[in-house]
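Enquirer: Using only what follows, build the 3D model:
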Amino acid sequence: MNASIDSEKVLKHHGKTFYFAQRFLGRKNGYGVARLYQFCRYIDDLADESPDKDVAEEKLHSVRLQLSANQADDPLLQDFLDLAAEWQIKVKYALDLIDGVIMDLGKVDIQDQPELLQYCYRVAGTVGLMMCPLLYADNEGEQYALDLGIAMQLTNIARDVLHDARLGRRYLPADWVKGVTAVEICDLRKEDRLLIQESIHRILELAEEYYESGRNGFVHLPMRSRISIAIAARTYRQIGVKLLKNGCKYWHGRTYTTLTEKILLALREIIRTLSAAPRLRKVAHNQVLHQDIVALYPDKTIGEKFVP
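Expert: Numbering: from 1, shown residues only. Take a look at the predicted model:
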């Protein structure tokens, strides 16, 4: 199968919001985004689709070694390395992504907000960082892209509380939910529901801080990329908006945005982005947002393509 078609199919099937937004990019950039998404999906699937978690961890460590050596046996991994070389994507971010996915293999029991944000950096902030070259973001835009990735992951966590709990994962910080376990979330005990709902609301409030920072970074993108990312951010954020409107009733299952909603949101974002363009000004990044991930987010003065 043609690699371009294969990447597009993976994006369309698994990443509907990003596939929708990707259409607003040019062919070359859109193809690069699809290839990056295919790589990220591959890493996720190694963890999620393996019945043996020890085997999955061994495979992920093998992938990590191949990427660190800048040489891979798997054609898909080699395609990512080719993509990274072509677009100057830091492979270090892919290594951090793998570290985050490995965290999901065992029992997930997030203890506090710093640990939550460190996890979000690894599994999603890194993706935002890898997207920057594909979107022609300038160097200052990286930190805002990181924030947008974190915002989207927080939305994911808010949406998937029950689904994740059934997999033995609780991303809501223990000190927010008074130690309620994943098993107890699955039990849907009435005495826990209000506490979980309040924590989901708190997650979404935190996400809003990172979405706002992400929007501040649009000025660092050319117009076509700006429109695409604005659409992706707005349609993803809408999941949280709907969750809040529904009272964060996590026992009802996952919340989605429909195709009609996506189209309407896209039209609004196109108008909003174009009309705001003349007034956009650079805003100093709120470094408080990174205080819990400072040990993970690499020094931007380092020029290497990756740090083993």
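
Enquirer: May I have stretch 178-187 as PDB, with CA atoms only?
Expert: C-alpha atoms of stretch 178-187 as PDB (Å, rounded to 0.1, in the frame of the first residue of the first chain):
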ATOM      1  CA  LYS A 178      -9.300  11.200  48.600                       C
ATOM      2  CA  GLY A 179      -7.600   8.100  47.400                       C
ATOM      3  CA  VAL A 180     -10.600   6.600  45.500                       C
ATOM      4  CA  THR A 181      -9.100   3.800  43.400                       C
ATOM      5  CA  ALA A 182      -9.800   2.800  39.800                       C
ATOM      6  CA  VAL A 183     -11.700  -0.300  41.100                       C
ATOM      7  CA  GLU A 184     -13.900   1.900  43.200                       C
ATOM      8  CA  ILE A 185     -14.600   4.300  40.300                       C
ATOM      9  CA  CYS A 186     -15.800   1.200  38.300                       C
ATOM     10  CA  ASP A 187     -18.100   0.300  41.100                       C
END
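
Enquirer: Distance from the chain centre to that stretch, please.
Expert: On the basis of CA atoms, centre = their mean, to the nearest Å, stretch 178-187 sits 25 Å off its chain's mean C-alpha point.

Enquirer: just so I have it, where are all the strands in this protein?
Expert: All strands of the chain, identified by DSSP state E, fall at 108-109, 169-170.

Enquirer: Single out the most deeply packed of these.
Expert: strand 169-170 (a mean of 22; mean count of other CB atoms under 10 Å). Bear in mind the C-beta positions are built from the backbone N, C-alpha and C, glycine included.

Enquirer: Within the sheet, what are the partner strands of that one, with directions?
Expert: Strand 169-170 pairs in its sheet with strand 108-109 (parallel), by DSSP bridges.

Enquirer: Low-confidence stretches in this protein?
Expert: 1-26, 298-308 (pLDDT under 70).

Enquirer: Is it possible to get JSON lines of the strands of the chain that adds distance to Ala277?
Expert: Formatted as JSON lines, the strands of the chain follow (distance: least, CB to CB, whole Å):
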{"stretch": "strand 108-109", "distance to Ala277": "41"}
{"stretch": "strand 169-170", "distance to Ala277": "41"}
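
Enquirer: which helix in the chain runs the most residues?
Expert: In the chain, assigned by DSSP state H, the helix with the most residues is helix 190-216.

Enquirer: which strands and helices sit next to that helix?
Expert: helix 142-159, helix 182-187, helix 223-245 (3 or more CB pairs under 8 Å, 6 or more residues apart in numbering; DSSP states H and E).

Enquirer: what about 10 Å?
Expert: helix 113-120, helix 142-159, helix 161-165, helix 182-187, helix 223-245 (3 or more CB pairs under 10 Å, 6 or more residues apart in numbering; DSSP states H and E).

Enquirer: quick check: domain ranges of this structure?
Expert: 1-106, 107-298 (automatic domain parsing).

Enquirer: Spatially central residue for this protein, please.
Expert: Residue closest to the average C-alpha location in the chain (CA atoms, centre = their mean): Ala124, at 3.0 Å.

Enquirer: which parts of stretch 202-215 are buried?
Expert: Arg202, Ile203, Leu204, Leu206, Ala207, Glu209, Tyr210, Tyr211, Ser213, Gly214, Arg215 (16 or more other CB atoms under 10 Å).

Enquirer: CA-only coordinates of stretch 265-276, as PDB, when you get a sec.
Expert: Extracted in PDB, the C-alpha atoms of stretch 265-276 (Å, rounded to 0.1, in the frame of the first residue of the first chain):
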ATOM      1  CA  LEU A 265     -16.800  24.900  15.100                       C
ATOM      2  CA  ALA A 266     -14.400  24.900  12.200                       C
ATOM      3  CA  LEU A 267     -16.300  27.700  10.400                       C
ATOM      4  CA  ARG A 268     -16.400  29.800  13.500                       C
ATOM      5  CA  GLU A 269     -12.600  29.200  14.100                       C
ATOM      6  CA  ILE A 270     -11.800  30.200  10.500                       C
ATOM      7  CA  ILE A 271     -13.700  33.400  10.900                       C
ATOM      8  CA  ARG A 272     -12.300  34.100  14.400                       C
ATOM      9  CA  THR A 273      -8.700  33.300  13.300                       C
ATOM     10  CA  LEU A 274      -8.800  35.400  10.200                       C
ATOM     11  CA  SER A 275     -10.500  38.400  11.900                       C
ATOM     12  CA  ALA A 276      -8.100  38.300  14.800                       C
END
